[in-house]
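Novice: Starting from these lines, generate the structure:
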Amino acid sequence: MDREDEKPTLRSPLIQKCGQDGGGISMEKVLQREKVVVEVKKQLWLAGPLISVSLLQQCLEVISLMFVGHLGELSLSAASMATSFASVTGFSLLMGMASALDTLCGQSHGAKQYHMLSIHMQRAMLILLLVSVPLAIIWASYTGTILMAVGQDPEISQEAGLYARFMIPSLFAYGLLQCLVRFLQTQNIVFPMMLSSGITTLLHFLVCWLLVFKSGLESKGAALANSISYWINVLLLALYVKFSSSCSKTRTGFSKEALHNIPSFLRLAIPSAVMVCLEMWSFELMVLLSGLLPNPKLETSVLSVCLNTATTVWMIPFGLSGAVSTRISNELGAGHPRAARLVVFVVLVMAITEGTFIGLLMILIRNIWGYAYSNEIEVVRYAAAMMPILALSNFLDGMQCVLSGTARGCGRQKIGAFVNLGSYYLVGIPSAILLAFVFHIGGKGLWLGIICALIVQVLSLLIITLRTNWEDEAKKATDRVYDAIIPVETVH
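Specialist: Numbers count the residues shown, from 1 in each chain. Just a heads-up that it's a prediction; the model follows:
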(Lines give C-alpha, C1' and ligand atoms only; values in the text may rest on other atoms or scores of the structure.)
Protein backbone atom coordinates (compact mmCIF):
# COMPACT_ATOMS: atom_id res chain seq x y z
CA MET A 1 0.00 0.00 0.00
CA ASP A 2 1.31 3.46 -0.89
CA ARG A 3 1.91 5.58 2.15
CA GLU A 4 3.13 9.13 2.47
CA ASP A 5 6.88 9.26 2.62
CA GLU A 6 7.29 11.48 5.62
CA LYS A 7 9.65 11.66 8.54
CA PRO A 8 7.56 13.91 10.77
CA THR A 9 4.76 12.19 12.61
CA LEU A 10 1.20 13.47 12.87
CA ARG A 11 0.83 13.22 16.61
CA SER A 12 -0.53 16.71 16.64
CA PRO A 13 -3.78 18.63 16.42
CA LEU A 14 -5.47 19.44 13.13
CA ILE A 15 -4.28 23.04 13.30
CA GLN A 16 -0.80 23.91 14.55
CA LYS A 17 1.01 27.14 15.16
CA CYS A 18 3.06 28.24 12.20
CA GLY A 19 6.77 27.72 12.55
CA GLN A 20 6.45 24.98 15.17
CA ASP A 21 9.62 22.88 15.32
CA GLY A 22 9.89 19.19 16.01
CA GLY A 23 7.78 16.33 14.71
CA GLY A 24 4.79 18.41 13.63
CA ILE A 25 4.09 19.89 10.24
CA SER A 26 3.58 23.66 10.07
CA MET A 27 0.32 24.99 8.72
CA GLU A 28 2.30 26.97 6.10
CA LYS A 29 3.59 23.71 4.64
CA VAL A 30 0.21 21.96 4.75
CA LEU A 31 -1.71 24.81 3.17
CA GLN A 32 0.10 25.01 -0.12
CA ARG A 33 -2.08 26.78 -2.63
CA GLU A 34 -2.12 24.01 -5.24
CA LYS A 35 -3.06 21.29 -2.75
CA VAL A 36 -5.89 23.37 -1.34
CA VAL A 37 -7.28 24.21 -4.79
CA VAL A 38 -7.14 20.56 -5.87
CA GLU A 39 -8.88 19.46 -2.67
CA VAL A 40 -11.60 22.08 -3.04
CA LYS A 41 -12.27 20.87 -6.58
CA LYS A 42 -12.44 17.25 -5.44
CA GLN A 43 -14.91 18.03 -2.67
CA LEU A 44 -17.12 20.22 -4.85
CA TRP A 45 -17.08 17.56 -7.57
CA LEU A 46 -18.47 15.12 -5.01
CA ALA A 47 -20.71 17.46 -3.02
CA GLY A 48 -22.57 19.06 -5.95
CA PRO A 49 -24.13 15.85 -7.29
CA LEU A 50 -24.71 14.53 -3.76
CA ILE A 51 -26.70 17.67 -2.90
CA SER A 52 -28.75 17.17 -6.06
CA VAL A 53 -29.36 13.51 -5.21
CA SER A 54 -30.58 14.41 -1.71
CA LEU A 55 -32.91 17.14 -3.00
CA LEU A 56 -34.32 14.91 -5.75
CA GLN A 57 -34.96 12.05 -3.34
CA GLN A 58 -36.71 14.42 -0.94
CA CYS A 59 -38.87 15.58 -3.85
CA LEU A 60 -40.53 12.17 -4.01
CA GLU A 61 -42.29 12.71 -0.68
CA VAL A 62 -43.10 16.34 -1.50
CA ILE A 63 -44.62 15.43 -4.88
CA SER A 64 -46.73 12.70 -3.29
CA LEU A 65 -48.05 15.14 -0.67
CA MET A 66 -48.83 17.68 -3.39
CA PHE A 67 -51.05 15.16 -5.17
CA VAL A 68 -52.69 14.02 -1.92
CA GLY A 69 -53.37 17.64 -0.98
CA HIS A 70 -55.92 17.84 -3.80
CA LEU A 71 -57.95 15.05 -2.18
CA GLY A 72 -58.83 16.96 0.98
CA GLU A 73 -57.60 18.04 4.39
CA LEU A 74 -57.95 14.62 6.05
CA SER A 75 -55.96 12.86 3.32
CA LEU A 76 -53.18 15.46 3.45
CA SER A 77 -52.96 15.40 7.26
CA ALA A 78 -52.84 11.60 7.31
CA ALA A 79 -50.24 11.39 4.54
CA SER A 80 -48.06 14.01 6.26
CA MET A 81 -48.29 12.18 9.57
CA ALA A 82 -47.55 8.80 7.96
CA THR A 83 -44.56 10.26 6.12
CA SER A 84 -43.17 11.66 9.36
CA PHE A 85 -43.82 8.35 11.14
CA ALA A 86 -42.05 6.45 8.34
CA SER A 87 -39.04 8.75 8.57
CA VAL A 88 -38.75 8.37 12.34
CA THR A 89 -39.36 4.62 12.60
CA GLY A 90 -37.83 3.34 9.38
CA PHE A 91 -35.95 5.50 6.92
CA SER A 92 -33.71 7.21 9.48
CA LEU A 93 -32.67 3.84 10.94
CA LEU A 94 -31.84 2.34 7.54
CA MET A 95 -29.97 5.44 6.37
CA GLY A 96 -27.94 5.43 9.58
CA MET A 97 -27.02 1.76 9.33
CA ALA A 98 -26.06 2.10 5.67
CA SER A 99 -23.69 4.95 6.51
CA ALA A 100 -21.34 2.36 8.04
CA LEU A 101 -20.37 1.77 4.41
CA ASP A 102 -18.90 5.30 4.36
CA THR A 103 -16.14 3.86 6.52
CA LEU A 104 -15.89 0.30 5.22
CA CYS A 105 -16.19 0.89 1.48
CA GLY A 106 -14.33 4.20 1.56
CA GLN A 107 -11.28 2.85 3.37
CA SER A 108 -11.24 -0.34 1.28
CA HIS A 109 -11.30 1.74 -1.89
CA GLY A 110 -8.47 3.92 -0.61
CA ALA A 111 -6.43 0.80 0.16
CA LYS A 112 -7.10 -0.49 -3.40
CA GLN A 113 -8.89 -3.57 -2.07
CA TYR A 114 -11.59 -3.01 -4.66
CA HIS A 115 -13.24 -6.42 -4.44
CA MET A 116 -14.10 -5.78 -0.78
CA LEU A 117 -16.52 -2.98 -1.69
CA SER A 118 -18.96 -5.42 -3.25
CA ILE A 119 -18.72 -7.76 -0.26
CA HIS A 120 -19.34 -4.92 2.20
CA MET A 121 -22.32 -3.72 0.13
CA GLN A 122 -23.88 -7.19 -0.14
CA ARG A 123 -23.47 -7.73 3.61
CA ALA A 124 -25.13 -4.38 4.31
CA MET A 125 -27.99 -5.16 1.92
CA LEU A 126 -28.66 -8.48 3.63
CA ILE A 127 -28.71 -6.94 7.11
CA LEU A 128 -30.87 -3.98 6.09
CA LEU A 129 -33.39 -6.29 4.41
CA LEU A 130 -33.60 -8.34 7.62
CA VAL A 131 -34.00 -5.18 9.74
CA SER A 132 -36.79 -4.03 7.41
CA VAL A 133 -38.95 -7.06 8.23
CA PRO A 134 -39.86 -6.08 11.84
CA LEU A 135 -40.18 -2.45 10.74
CA ALA A 136 -42.67 -3.53 8.07
CA ILE A 137 -44.68 -5.42 10.69
CA ILE A 138 -44.85 -2.27 12.82
CA TRP A 139 -45.98 -0.19 9.84
CA ALA A 140 -48.59 -2.77 8.86
CA SER A 141 -50.13 -3.41 12.26
CA TYR A 142 -49.31 -0.70 14.76
CA THR A 143 -48.94 2.68 13.02
CA GLY A 144 -52.41 3.96 13.90
CA THR A 145 -52.20 2.62 17.45
CA ILE A 146 -48.82 4.25 18.08
CA LEU A 147 -49.97 7.60 16.70
CA MET A 148 -53.08 7.59 18.89
CA ALA A 149 -50.94 6.61 21.89
CA VAL A 150 -48.92 9.82 21.48
CA GLY A 151 -52.09 11.91 21.38
CA GLN A 152 -52.83 12.26 17.67
CA ASP A 153 -56.36 12.52 16.28
CA PRO A 154 -57.94 9.02 15.97
CA GLU A 155 -59.39 9.58 12.49
CA ILE A 156 -56.14 10.95 11.11
CA SER A 157 -54.16 8.20 12.84
CA GLN A 158 -56.24 5.43 11.29
CA GLU A 159 -55.92 6.96 7.84
CA ALA A 160 -52.16 7.37 8.38
CA GLY A 161 -51.93 3.70 9.31
CA LEU A 162 -53.51 2.76 5.99
CA TYR A 163 -51.12 5.07 4.12
CA ALA A 164 -48.14 3.48 5.90
CA ARG A 165 -49.19 -0.03 4.83
CA PHE A 166 -48.93 0.97 1.19
CA MET A 167 -45.47 2.41 1.87
CA ILE A 168 -44.07 -0.91 3.11
CA PRO A 169 -42.47 -1.88 -0.25
CA SER A 170 -40.56 1.41 -0.17
CA LEU A 171 -38.94 0.36 3.11
CA PHE A 172 -37.09 -2.54 1.49
CA ALA A 173 -36.19 -0.48 -1.59
CA TYR A 174 -34.87 2.38 0.55
CA GLY A 175 -32.41 0.13 2.38
CA LEU A 176 -31.05 -1.27 -0.89
CA LEU A 177 -30.89 2.23 -2.38
CA GLN A 178 -28.82 3.56 0.52
CA CYS A 179 -26.34 0.70 0.12
CA LEU A 180 -25.99 1.31 -3.63
CA VAL A 181 -25.53 5.04 -3.05
CA ARG A 182 -22.72 4.45 -0.52
CA PHE A 183 -21.12 1.83 -2.80
CA LEU A 184 -20.90 4.33 -5.67
CA GLN A 185 -20.22 7.42 -3.56
CA THR A 186 -17.12 5.93 -1.93
CA GLN A 187 -15.74 5.26 -5.43
CA ASN A 188 -16.33 8.93 -6.32
CA ILE A 189 -19.01 7.86 -8.82
CA VAL A 190 -21.74 10.43 -8.22
CA PHE A 191 -23.12 11.69 -11.54
CA PRO A 192 -24.93 8.40 -12.37
CA MET A 193 -26.73 8.71 -9.01
CA MET A 194 -27.82 12.24 -9.88
CA LEU A 195 -29.07 11.04 -13.27
CA SER A 196 -31.00 8.08 -11.84
CA SER A 197 -32.57 10.29 -9.15
CA GLY A 198 -33.59 12.84 -11.78
CA ILE A 199 -35.21 10.19 -13.98
CA THR A 200 -36.99 8.71 -10.97
CA THR A 201 -38.34 12.11 -9.90
CA LEU A 202 -39.69 12.86 -13.38
CA LEU A 203 -41.36 9.45 -13.60
CA HIS A 204 -42.80 9.97 -10.11
CA PHE A 205 -45.11 12.71 -11.40
CA LEU A 206 -46.62 10.27 -13.90
CA VAL A 207 -46.85 7.40 -11.41
CA CYS A 208 -48.55 9.64 -8.83
CA TRP A 209 -51.04 10.97 -11.37
CA LEU A 210 -51.97 7.46 -12.50
CA LEU A 211 -52.27 5.93 -9.03
CA VAL A 212 -53.87 8.87 -7.19
CA PHE A 213 -56.38 10.11 -9.77
CA LYS A 214 -56.85 7.29 -12.30
CA SER A 215 -56.63 4.02 -10.36
CA GLY A 216 -59.17 4.82 -7.64
CA LEU A 217 -56.57 4.28 -4.89
CA GLU A 218 -56.55 8.01 -4.03
CA SER A 219 -54.18 8.75 -1.12
CA LYS A 220 -53.08 5.11 -0.96
CA GLY A 221 -51.93 5.52 -4.56
CA ALA A 222 -49.45 8.20 -3.50
CA ALA A 223 -47.94 5.85 -0.92
CA LEU A 224 -47.68 3.10 -3.51
CA ALA A 225 -46.16 5.57 -5.97
CA ASN A 226 -43.38 6.24 -3.45
CA SER A 227 -42.67 2.52 -3.30
CA ILE A 228 -42.61 2.14 -7.08
CA SER A 229 -40.31 5.14 -7.53
CA TYR A 230 -37.82 3.91 -4.93
CA TRP A 231 -37.70 0.54 -6.70
CA ILE A 232 -37.18 2.29 -10.06
CA ASN A 233 -34.18 4.11 -8.58
CA VAL A 234 -32.79 0.86 -7.16
CA LEU A 235 -33.19 -0.85 -10.54
CA LEU A 236 -31.46 1.97 -12.43
CA LEU A 237 -28.46 2.00 -10.08
CA ALA A 238 -28.25 -1.80 -10.01
CA LEU A 239 -28.15 -1.87 -13.82
CA TYR A 240 -25.41 0.76 -13.79
CA VAL A 241 -23.33 -1.24 -11.31
CA LYS A 242 -23.88 -4.41 -13.36
CA PHE A 243 -22.94 -3.07 -16.78
CA SER A 244 -20.77 0.03 -16.27
CA SER A 245 -17.03 -0.23 -16.83
CA SER A 246 -16.59 2.24 -13.95
CA CYS A 247 -17.49 -0.55 -11.52
CA SER A 248 -15.46 -3.30 -13.21
CA LYS A 249 -12.91 -3.46 -10.39
CA THR A 250 -15.46 -3.39 -7.57
CA ARG A 251 -18.17 -5.53 -9.17
CA THR A 252 -17.65 -9.14 -8.04
CA GLY A 253 -21.09 -10.69 -8.31
CA PHE A 254 -22.71 -12.43 -5.36
CA SER A 255 -20.23 -13.80 -2.83
CA LYS A 256 -20.96 -16.11 0.08
CA GLU A 257 -18.27 -14.18 1.97
CA ALA A 258 -20.88 -11.46 2.47
CA LEU A 259 -22.51 -13.80 5.00
CA HIS A 260 -19.40 -13.66 7.19
CA ASN A 261 -18.07 -10.91 9.51
CA ILE A 262 -21.57 -9.60 10.18
CA PRO A 263 -20.65 -8.52 13.75
CA SER A 264 -17.88 -6.28 12.36
CA PHE A 265 -20.45 -4.50 10.20
CA LEU A 266 -22.87 -4.13 13.10
CA ARG A 267 -20.16 -2.59 15.29
CA LEU A 268 -20.17 0.37 12.92
CA ALA A 269 -23.78 0.21 11.68
CA ILE A 270 -25.49 0.40 15.08
CA PRO A 271 -23.61 3.51 16.31
CA SER A 272 -24.13 5.04 12.85
CA ALA A 273 -27.88 4.50 13.16
CA VAL A 274 -27.86 5.93 16.68
CA MET A 275 -26.05 9.06 15.44
CA VAL A 276 -28.66 9.70 12.76
CA CYS A 277 -31.76 8.69 14.71
CA LEU A 278 -31.02 10.67 17.88
CA GLU A 279 -30.68 13.86 15.88
CA MET A 280 -33.71 13.32 13.63
CA TRP A 281 -35.93 12.25 16.52
CA SER A 282 -35.09 15.41 18.48
CA PHE A 283 -36.38 17.62 15.64
CA GLU A 284 -39.58 15.58 15.32
CA LEU A 285 -40.06 15.77 19.10
CA MET A 286 -39.80 19.55 18.88
CA VAL A 287 -42.74 19.67 16.45
CA LEU A 288 -44.78 17.41 18.76
CA LEU A 289 -43.98 19.67 21.73
CA SER A 290 -45.18 22.70 19.76
CA GLY A 291 -48.67 21.19 19.85
CA LEU A 292 -48.67 21.60 23.65
CA LEU A 293 -48.01 25.35 23.52
CA PRO A 294 -50.70 28.05 23.76
CA ASN A 295 -52.17 28.69 20.30
CA PRO A 296 -50.94 25.28 19.06
CA LYS A 297 -52.19 25.78 15.48
CA LEU A 298 -49.97 28.82 14.99
CA GLU A 299 -46.98 27.31 16.79
CA THR A 300 -47.18 23.99 14.94
CA SER A 301 -47.67 25.71 11.58
CA VAL A 302 -44.65 27.97 12.03
CA LEU A 303 -42.46 25.19 13.46
CA SER A 304 -43.40 23.03 10.47
CA VAL A 305 -42.42 25.86 8.11
CA CYS A 306 -39.10 26.23 9.94
CA LEU A 307 -38.44 22.49 9.93
CA ASN A 308 -39.20 22.24 6.22
CA THR A 309 -36.93 25.20 5.49
CA ALA A 310 -34.16 23.82 7.67
CA THR A 311 -34.41 20.42 5.98
CA THR A 312 -34.13 21.98 2.52
CA VAL A 313 -31.06 24.13 3.23
CA TRP A 314 -29.55 21.25 5.24
CA MET A 315 -29.14 19.34 1.97
CA ILE A 316 -26.12 21.54 1.14
CA PRO A 317 -24.01 20.65 4.21
CA PHE A 318 -25.36 17.10 3.96
CA GLY A 319 -23.74 16.89 0.52
CA LEU A 320 -20.51 18.28 1.97
CA SER A 321 -20.76 15.67 4.73
CA GLY A 322 -20.95 12.87 2.18
CA ALA A 323 -18.02 14.34 0.28
CA VAL A 324 -15.79 14.68 3.34
CA SER A 325 -16.57 11.18 4.65
CA THR A 326 -15.62 9.77 1.23
CA ARG A 327 -12.44 11.84 0.92
CA ILE A 328 -11.24 11.08 4.44
CA SER A 329 -12.00 7.35 4.27
CA ASN A 330 -10.24 7.13 0.89
CA GLU A 331 -7.15 8.98 2.12
CA LEU A 332 -6.91 7.08 5.40
CA GLY A 333 -7.36 3.77 3.60
CA ALA A 334 -4.56 4.77 1.22
CA GLY A 335 -2.32 5.62 4.18
CA HIS A 336 -2.25 9.38 3.57
CA PRO A 337 -2.82 11.04 6.98
CA ARG A 338 -1.54 14.45 5.87
CA ALA A 339 -4.01 14.49 3.00
CA ALA A 340 -6.84 13.49 5.36
CA ARG A 341 -5.99 16.40 7.64
CA LEU A 342 -6.06 18.79 4.69
CA VAL A 343 -9.50 17.41 3.71
CA VAL A 344 -10.87 18.39 7.12
CA PHE A 345 -9.41 21.89 7.01
CA VAL A 346 -10.84 22.54 3.54
CA VAL A 347 -14.33 21.26 4.36
CA LEU A 348 -14.49 23.33 7.56
CA VAL A 349 -13.69 26.49 5.59
CA MET A 350 -16.31 25.54 3.00
CA ALA A 351 -18.92 24.85 5.71
CA ILE A 352 -18.27 28.20 7.40
CA THR A 353 -18.54 30.01 4.05
CA GLU A 354 -21.75 28.19 3.08
CA GLY A 355 -23.34 28.68 6.50
CA THR A 356 -22.56 32.40 6.52
CA PHE A 357 -23.90 32.98 3.00
CA ILE A 358 -27.11 30.97 3.49
CA GLY A 359 -27.64 32.53 6.93
CA LEU A 360 -27.42 36.07 5.55
CA LEU A 361 -29.75 35.12 2.69
CA MET A 362 -32.32 33.73 5.14
CA ILE A 363 -32.22 36.94 7.15
CA LEU A 364 -32.62 39.09 4.03
CA ILE A 365 -35.72 37.21 2.81
CA ARG A 366 -37.27 36.71 6.26
CA ASN A 367 -40.20 39.05 5.66
CA ILE A 368 -41.38 37.33 2.48
CA TRP A 369 -40.42 33.68 3.03
CA GLY A 370 -43.54 32.87 5.04
CA TYR A 371 -45.76 33.64 2.03
CA ALA A 372 -44.39 30.53 0.32
CA TYR A 373 -46.28 28.47 2.90
CA SER A 374 -49.21 30.59 4.07
CA ASN A 375 -51.26 33.68 3.25
CA GLU A 376 -52.11 34.32 6.91
CA ILE A 377 -50.27 37.43 8.09
CA GLU A 378 -49.84 36.02 11.62
CA VAL A 379 -47.97 32.99 10.30
CA VAL A 380 -45.83 35.13 7.97
CA ARG A 381 -44.81 37.53 10.77
CA TYR A 382 -44.01 34.72 13.20
CA ALA A 383 -41.96 32.94 10.53
CA ALA A 384 -40.07 36.20 9.87
CA ALA A 385 -39.23 36.48 13.57
CA MET A 386 -37.96 32.88 13.54
CA MET A 387 -35.66 33.28 10.53
CA PRO A 388 -32.62 34.79 12.34
CA ILE A 389 -32.80 31.91 14.83
CA LEU A 390 -33.11 29.51 11.91
CA ALA A 391 -30.08 31.12 10.22
CA LEU A 392 -27.92 30.49 13.30
CA SER A 393 -29.27 26.96 13.52
CA ASN A 394 -28.37 26.33 9.87
CA PHE A 395 -24.82 27.61 10.40
CA LEU A 396 -24.27 25.29 13.36
CA ASP A 397 -26.02 22.38 11.65
CA GLY A 398 -23.69 22.77 8.67
CA MET A 399 -20.68 22.58 10.96
CA GLN A 400 -21.94 19.48 12.74
CA CYS A 401 -22.74 17.86 9.38
CA VAL A 402 -19.17 18.03 8.12
CA LEU A 403 -17.73 17.12 11.52
CA SER A 404 -20.04 14.10 11.68
CA GLY A 405 -18.93 13.20 8.15
CA THR A 406 -15.35 13.37 9.39
CA ALA A 407 -16.21 10.99 12.23
CA ARG A 408 -17.80 8.53 9.77
CA GLY A 409 -14.79 8.69 7.49
CA CYS A 410 -12.56 7.76 10.42
CA GLY A 411 -14.89 5.03 11.71
CA ARG A 412 -15.68 6.97 14.91
CA GLN A 413 -19.44 6.43 14.85
CA LYS A 414 -19.52 5.28 18.47
CA ILE A 415 -18.03 8.56 19.69
CA GLY A 416 -20.47 10.46 17.49
CA ALA A 417 -23.39 8.54 18.97
CA PHE A 418 -22.39 9.49 22.52
CA VAL A 419 -21.91 13.13 21.50
CA ASN A 420 -25.38 13.25 19.93
CA LEU A 421 -26.97 11.57 22.93
CA GLY A 422 -25.50 14.10 25.34
CA SER A 423 -26.05 17.10 23.07
CA TYR A 424 -29.70 16.55 22.23
CA TYR A 425 -31.12 14.64 25.19
CA LEU A 426 -29.08 15.99 28.11
CA VAL A 427 -28.83 19.58 26.84
CA GLY A 428 -31.07 20.31 23.85
CA ILE A 429 -34.47 18.87 24.73
CA PRO A 430 -34.35 19.93 28.43
CA SER A 431 -33.31 23.44 27.34
CA ALA A 432 -36.14 23.55 24.79
CA ILE A 433 -38.72 22.54 27.41
CA LEU A 434 -37.31 25.05 29.92
CA LEU A 435 -37.32 27.95 27.46
CA ALA A 436 -40.69 27.16 25.88
CA PHE A 437 -42.78 26.16 28.89
CA VAL A 438 -41.06 27.68 31.95
CA PHE A 439 -39.83 30.97 30.48
CA HIS A 440 -42.80 31.06 28.05
CA ILE A 441 -40.77 31.88 24.94
CA GLY A 442 -42.94 29.53 22.89
CA GLY A 443 -41.81 28.10 19.57
CA LYS A 444 -38.71 30.29 19.62
CA GLY A 445 -37.74 28.62 22.88
CA LEU A 446 -38.07 25.16 21.34
CA TRP A 447 -35.76 26.08 18.48
CA LEU A 448 -33.31 27.84 20.83
CA GLY A 449 -33.13 24.55 22.73
CA ILE A 450 -32.04 22.82 19.53
CA ILE A 451 -29.42 25.55 19.05
CA CYS A 452 -28.09 24.79 22.54
CA ALA A 453 -27.77 21.15 21.48
CA LEU A 454 -26.01 22.11 18.25
CA ILE A 455 -23.51 24.31 20.10
CA VAL A 456 -22.56 21.45 22.42
CA GLN A 457 -22.46 19.01 19.50
CA VAL A 458 -20.26 21.24 17.32
CA LEU A 459 -17.85 22.10 20.13
CA SER A 460 -17.52 18.45 21.15
CA LEU A 461 -16.93 17.18 17.61
CA LEU A 462 -14.60 20.08 16.84
CA ILE A 463 -12.42 19.38 19.88
CA ILE A 464 -12.31 15.68 18.98
CA THR A 465 -11.37 16.52 15.38
CA LEU A 466 -8.69 19.07 16.32
CA ARG A 467 -7.10 16.58 18.71
CA THR A 468 -7.14 13.75 16.19
CA ASN A 469 -3.87 11.91 15.66
CA TRP A 470 -4.13 11.38 11.91
CA GLU A 471 -1.21 8.97 11.73
CA ASP A 472 -2.97 6.71 14.24
CA GLU A 473 -6.22 7.00 12.29
CA ALA A 474 -4.43 5.91 9.10
CA LYS A 475 -3.01 2.91 10.95
CA LYS A 476 -6.46 2.02 12.31
CA ALA A 477 -7.89 2.27 8.81
CA THR A 478 -5.19 -0.05 7.49
CA ASP A 479 -5.86 -2.54 10.28
CA ARG A 480 -9.62 -2.36 9.65
CA VAL A 481 -9.20 -3.00 5.93
CA TYR A 482 -6.79 -5.89 6.28
CA ASP A 483 -8.64 -7.50 9.19
CA ALA A 484 -11.70 -7.77 6.94
CA ILE A 485 -9.87 -8.61 3.74
CA ILE A 486 -10.79 -11.72 1.78
CA PRO A 487 -8.47 -12.98 -0.99
CA VAL A 488 -9.76 -12.13 -4.45
CA GLU A 489 -9.69 -15.74 -5.60
CA THR A 490 -12.18 -16.78 -2.88
CA VAL A 491 -14.78 -14.13 -3.72
CA HIS A 492 -16.47 -15.76 -6.72
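Novice: Verify the contact between Gly428 and Trp447 for me.
Specialist: No: counting by C-beta atoms under 8 Å, Gly428 sits too far from Trp447 to count as a contact (10.4 Å). For every residue, glycine as well, the C-beta is placed using N, CA and C.
Novice: can you pull out the strands in this structure?
Specialist: When assigned using DSSP state E, the chain turns out to have no strands.
Novice: what's the most centrally placed residue in it in contact with, if anything?
Specialist: The residue lying closest to the centre of the chain (C-alpha atoms, centre = their mean) is Phe318, at 6.1 Å. The neighbourhood of Phe318, defined by C-beta atoms under 8 Å, 6 or more residues apart in numbering, consists of Leu50, Ile51, Ser54, Cys401.
Novice: how about a cut-off of 10 Å?
Specialist: By C-beta atoms under 10 Å, 6 or more residues apart in numbering, the contact set of Phe318 is 47, 50-51, 53-55, 311, 397-398, 401-402, 404-405.
Novice: same question, Trp231
Specialist: For Trp231, the residues meeting the contact criterion (C-beta under 10 Å, 6+ apart) are Pro169, Ser170, Phe172, Ala173, Tyr174, Leu176, Leu177, Thr200.
Novice: Can you name the two of the residues you listed that sit furthest apart?
Specialist: Largest separation among the contacts of Trp231 by C-beta to C-beta: Phe172 and Thr200, giving 16.1 Å.
Novice: neighbour-wise, which of those two wins?
Specialist: Each of Phe172 and Thr200 has its neighbours counted (other C-beta atoms under 10 Å); Thr200 has more, 25 against 20.
Novice: right, and that one touches Tyr230 too?
Specialist: Yes: the pair Thr200 / Tyr230 is scored as a contact, 7.9 Å apart, by C-beta atoms under 10 Å.
Novice: Overlap of the contact sets of these two?
Specialist: With contacts taken as C-beta under 10 Å, 6+ apart, Thr200 and Tyr230 have Gln57, Leu60, Leu177 as neighbours in common.
Novice: Could you find the closest non-adjacent residue to Lys476?
Specialist: For Lys476, ignoring the flanking residues on the chain, the nearest one in space by C-beta to C-beta, 6 or more residues apart in numbering is Gly411 at 6.9 Å.
Novice: what's around the one you found, how many residues?
Specialist: Using other C-beta under 10 Å: Gly411 sits among 25 other residues.
Novice: dump the residue contacts of it.
Specialist: Shown in contact with Gly411 (C-beta under 10 Å, 6+ apart): 100, 102-104, 106-107, 267-268, 271-272, 328-329, 332, 473, 476-477, 480.
Novice: Endpoint to endpoint, stretch 164-172 covers what distance?
Specialist: Start and end residues of stretch 164-172 are separated by 13 Å (C-alpha to C-alpha, to the nearest Å).
Novice: Likewise for stretch 139-156?
Specialist: From its first residue to its last, stretch 139-156 covers 15 Å (C-alpha to C-alpha).
Novice: Can you list the buried residues in it?
Specialist: Residues of stretch 139-156 classed as buried under the neighbour-count rule (16 or more other C-beta atoms under 10 Å) are Trp139, Thr143, Gly144, Ile146, Leu147, Met148, Gln152, Ile156.
Novice: contacting residues around the fifth one?
Specialist: Just to be clear, that refers to Leu147. 78, 81-82, 84-85, 153-154, 156-161, 164.
Novice: these two touch, right, Phe205 and Ile63?
Specialist: Yes: under the contact definition of C-beta under 10 Å, Phe205 touches Ile63, with a separation of 6.3 Å.
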